[in-house]
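[1] I would like to see how this sequence folds:
(one chain, ligands or ions: 1)
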Amino acid sequence: MSSPIEHTKFELPTIFVIFGITGDLVKKKILKALYDLYIKKHLPEKFRVYGFSRRDYDDSKLKSYLRDIMIKGAFGEPDKYDSFLNAFFYVKGDFFEKSAYDHLAKTLGHVDGQWRICTNKLFYLAVPPSSYSDIITNLSVTGLTIPCSPEEGWTRVILEKPFGTDLQTAIDLDKQLGELFKEEQIYRVDHYLGKETVKNILVFRFSNSFLNPIWNKDYIEKIEVRLLEDIKVETRGAFYDKVGTLRDVGQNHMLQLLALFLMKAPKSLDAQDIKSSRSKALQSLQIMTPEEVAIKTKRGQYKGYTSEKGVGPKSQTETYFRIEASSNLPEFRGVPLILESGKAQSEPCIEVVVSFKESDLCLYSFPGTQRNKLHYHLKPDEKISMRFLAKKPGFANEVEQHELGFDYHEAYDAEEFVDDYEGLLYDIIKGDQTLFVSTEEIISEWKFIEPIIKTWHEEKKPELEIY
Ligand code: BG6
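    Next comes the predicted model:
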């Protein structure tokens, strides 16, 4: 075996420990992401996955459970399923039971001994947030997250949203994480930041010079972020009823999207600089008073929601919201920032629309709005389009609206796309924190939404509308 010094950080053998291996997130996202990385040879050559869960499984039962998911999901290149699954092992245990972690530590130590190297270790908490505290405490007290030496092997902890259920619980979680781990060990996932189109926002904004001079309140009339889904709560009624749309997608995905549109150019492409710019944009959001919440927000619930499995018959949980926010950044003062999201929507779409002010120089009249609009589409299309006016051919000076556009799927082949979780996992292995959320961002997000949720539920303003 070659000496550890010859390994670059990325080539070092890596062990993934996945808490909640039999859960939804592994089934829907993580397994496919790992498999795609494996197929593309983007995983370290030597890797293992230890699945940690309460179920009465063993290695072979885990493998057959995962193989079923791969078959049902029609993962590509079936001849590679077995070699991939060979790397999977099972650890049975309760998240709060220290002895299970002692067993895990021994097992991982054994692998290190066998491979005669201090492996990298990545602990993925694909579990409900109520288990976070037990898991991170046990990881820490068993010494599992301490690298065996400063020179070789890293250990990283990955957490999924939601980070807390309100401002205080987010602060508490952050405090606990900060006591147990160094910031560079913590990866907080907001999978929206891993989407190809979202990753493009910074490139689009900061490498196209024509945008710079007009990216401010003198030219921009409003920015709208929409996340409208046709799906209902599906099987997640019990979870959703405690959360509601604003906490589910507003506090995280939508505010992150808005931040990317508001933020100033980072000093460099360094992860810290980018996160700091995003964070300042989020800090700039004006906290609303109850009076403002009553006027500037709307909340709704789709008809039939209270009959969903797991939902209380008198539930007041919102499945739709619209918020008119504002920022105190000098460049955006007074510009309405609209956030709108809902389940059970007839016209689903995920997009950010930047509307520009009508210019005094507009000489030609047009029936309807003359405003130029920049549409940043994330779903169902992945494209950027710009609405503009042009002369219709003919004798008269008739003006018509047209679109300049760039469509990702017309421009690139499907194989070139990297799935959100695939890209994020790759970055975690690489040690790039750019696309992960900092604690400052999370705290600012909660500071902004908490007063809104309070007014909705304590003062019942505005009324919950049924749609
Ligand atoms: C999740 C929410 O975080 O994001 C879901 O919990 C929502 O309710 C989903 O449907 C949307 O993500 P995507 O990637 O499907 O657009």
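
[2] and Leu339, that one's in a strand?
    Yes - in this structure, Leu339 lies within a strand as judged by DSSP: H, G, I helix; E, B strand; the rest coil.

[3] list the contacts for it?
    Listed by C-beta atoms under 8 Å, 6 or more residues apart in numbering, the contact partners of Leu339 are Val225, Gly250, Met254, Leu255, Leu258, Phe321, Arg322, Ile323, Ala325. Where C-beta positions appear, they are placed from N, C-alpha and C, glycine not excepted.

[4] quick check: nearest residue in space to it, chain neighbours excluded?
    Ile323 (4.6 Å; C-beta to C-beta, 6 or more residues apart in numbering).

[5] A helix includes the one you found, no?
    No - assigned with three-state DSSP, Ile323 falls outside any helix and is strand.

[6] count of residues packed around the nearest residue to Lys275 once chain neighbours are set aside?
    Distances taken as C-beta to C-beta, 6+ apart put Ser438 closest to Lys275, at 4.7 Å, once the chain neighbours are dropped. A count of nearby residues for Ser438, using other C-beta atoms under 10 Å, gives 21.

[7] look up the closest residue to whichever residue of the chain sits closest to the ligand, ignoring the ones flanking it.
    Residue of the chain nearest the ligand, by C-beta to the nearest ligand atom: Asp248 (4.8 Å). Leaving out its chain neighbours, the residue that sits closest to Asp248 by C-beta to C-beta, 6+ apart is Tyr240, at 6.7 Å.

[8] related to what we said a few turns ago, by neighbours, which of the contacts of Leu339 wins?
    Counting neighbours by other C-beta under 10 Å, the top entry in those is Leu255, with 30 neighbours.

[9] helix or strand: which one has it?
    Take DSSP states H and E as the rule and Leu255 turns out to sit in helix 255-262.

[10] helix or strand right after that helix?
    Scanning forward in sequence from helix 255-262 by DSSP H and E, the next helix or strand is helix 271-283.

[11] buried sites along that next one?
    Using 16 or more other C-beta atoms under 10 Å as the test for burial, helix 271-283 gives Ala271, Ile274, Lys275, Ser276, Ser277, Arg278, Ser279, Lys280, Ala281, Leu282, Gln283.

[12] which residues touch it?
    202, 255-256, 258-260, 262-267, 327, 329, 432-434, 437-438, 440-441, 444-445, 448.

[13] can we see that at 7 Å?
    255, 259-260, 262-264, 266-267, 432-434, 438, 440-441, 444-445 (C-beta atoms under 7 Å, 6 or more residues apart in numbering).

[14] avg pLDDT for that helix?
    The average pLDDT within helix 271-283 is 97.

[15] quick one: it to helix 255-262, angle?
    Put simply, helix 271-283 runs at 100 degrees to helix 255-262, going by axes from the mean of the first three to the mean of the last three C-alpha atoms, to 10 degrees.

[16] counting neighbours, what do you get for Glu291?
    Glu291, neighbours per other C-beta under 10 Å, totals 11.

[17] I'd like the distance between it and Pro451.
    Taking C-beta to C-beta, to the nearest Å as the measure, Glu291 and Pro451 are separated by 11 Å.

[18] with Val353 instead?
    Val353 is 26 Å from Pro451, by C-beta to C-beta.

[19] can you check Gly312 too?
    Taken as C-beta to C-beta, the span from Gly312 to Pro451 is 24 Å.

[20] those two: which is more packed in?
    Applying other C-beta under 10 Å to Gly312 and Pro451 shows that Pro451 carries more neighbours, namely 16 against 13.

[21] mind checking which helix or strand that one is in?
    Taking DSSP H and E as the criterion, Pro451 maps to helix 439-454.

[22] for that helix, what is the average pLDDT?
    97.

[23] check the offset of that helix from the chain's centre.
    Distance of helix 439-454 from its chain centroid, counting by C-alpha atoms, centre = their mean, to the nearest Å, is 16 Å.

[24] by how many degrees do that helix and helix 271-283 diverge?
    Taking the same axes, to 10 degrees, one finds that helix 439-454 is oriented at 20 degrees with respect to helix 271-283.
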